[in-house]
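Q: need coordinates for the following:
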Amino acid sequence: MSDGVARAARRRTLAEDALNLPNLLTMGRVVMIPLFLWLLDRGDPTSCYWAAIVFTLASLTDALDGYLARKLNVVSVLGKLLDPLADKILTGFAFIGLSILGELPWWVTIIVLIRVLSIPDDFFFAGRAVGIWISLTAAIAVIVAGLLEASEEL
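A: You can find the predicted model right below:
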């Protein structure tokens, strides 16, 4: 089989490329962002608790979609674009929301936003593991701050 024929045989349609499980998880994360912000904005303890749960679920989909894309061999152009964008939006708005609530100093939010907006997604300073640990640390900080906000008002 020639190389051109082999490439044509494994080529996917645009719909197949876009509508796979990892991309659907990423799109679900994008949909969770306004819900998270709405719950956080309400400011009452129950809403902050639910905001922390929504953020946790969104963060878990961030880890799961990349794993599934590689495992199922469905890494797509859309996924490569949408996944980091959804991650940056979720993280950025979470830090902004917590600073508005007074749960996080603005200087921390500004540093995180500079990091999130200035480092290209294909930049691997010390390997992929460093980026994963930075994202995980940010997610844990947001979850803990949201739960602390909920518990302080109870």
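Q: any idea which element the residue most central in space within the chain lies in?
A: With distances taken as C-alpha atoms, centre = their mean, Asp87 lies nearest the centre of the chain, 2.8 Å away. Element membership of Asp87 [criterion: DSSP states H and E] is helix 77-100.
Q: quick one: list the elements packing against that helix.
A: The elements that helix 77-100 packs onto, with contact taken as 3 or more C-beta pairs under 8 Å, 6 or more residues apart in numbering; DSSP states H and E, are helix 14-18, helix 21-42, helix 45-71, helix 106-118, helix 128-152. (Glycine included, C-beta is placed from N, CA and C.)
Q: for the protein, give me the ranges with low pLDDT.
A: 1-12, 14, 119-139, 141, 145-154 (pLDDT under 70).
Q: quick one on the thing from earlier: for Ala94, find the nearest of the helices and strands packed on helix 77-100.
A: Each of those was scored for nearness to Ala94 using C-beta to C-beta, and the closest is helix 128-152 (4.3 Å).
Q: columns mean neighbour count and distance to Phe93 on top of the helices and strands packed on helix 77-100, output as a markdown table?
A: Listed next are those as a markdown table, based on neighbours: other C-beta atoms under 10 Å; distance: least, C-beta to C-beta, whole Å:
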| stretch | mean neighbour count | distance to Phe93 |
| --- | --- | --- |
| helix 14-18 | 12 | 24 |
| helix 21-42 | 18 | 6 |
| helix 45-71 | 19 | 10 |
| helix 106-118 | 13 | 10 |
| helix 128-152 | 16 | 10 |
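Q: so for Val77, which of these sits nearest?
A: Taking C-beta to C-beta as the criterion, helix 14-18 is the member of the helices and strands packed on helix 77-100 that comes nearest to Val77, at 6.8 Å.
Q: export the helices and strands packed on helix 77-100 to a markdown table and tack on distance to Val77?
A: A markdown table is the format used below for the helices and strands packed on helix 77-100 (distance: least, C-beta to C-beta, whole Å):
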| stretch | distance to Val77 |
| --- | --- |
| helix 14-18 | 7 |
| helix 21-42 | 10 |
| helix 45-71 | 12 |
| helix 106-118 | 22 |
| helix 128-152 | 19 |
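Q: between these, which one is closest to Gly97.
A: Scanning those with C-beta to C-beta as the criterion, the closest one proves to be helix 21-42, at 4.4 Å.
Q: how far does the closest one sit from the chain's center?
A: Computed by C-alpha atoms, centre = their mean, to the nearest Å, the chain-centroid distance of helix 21-42 equals 9 Å.
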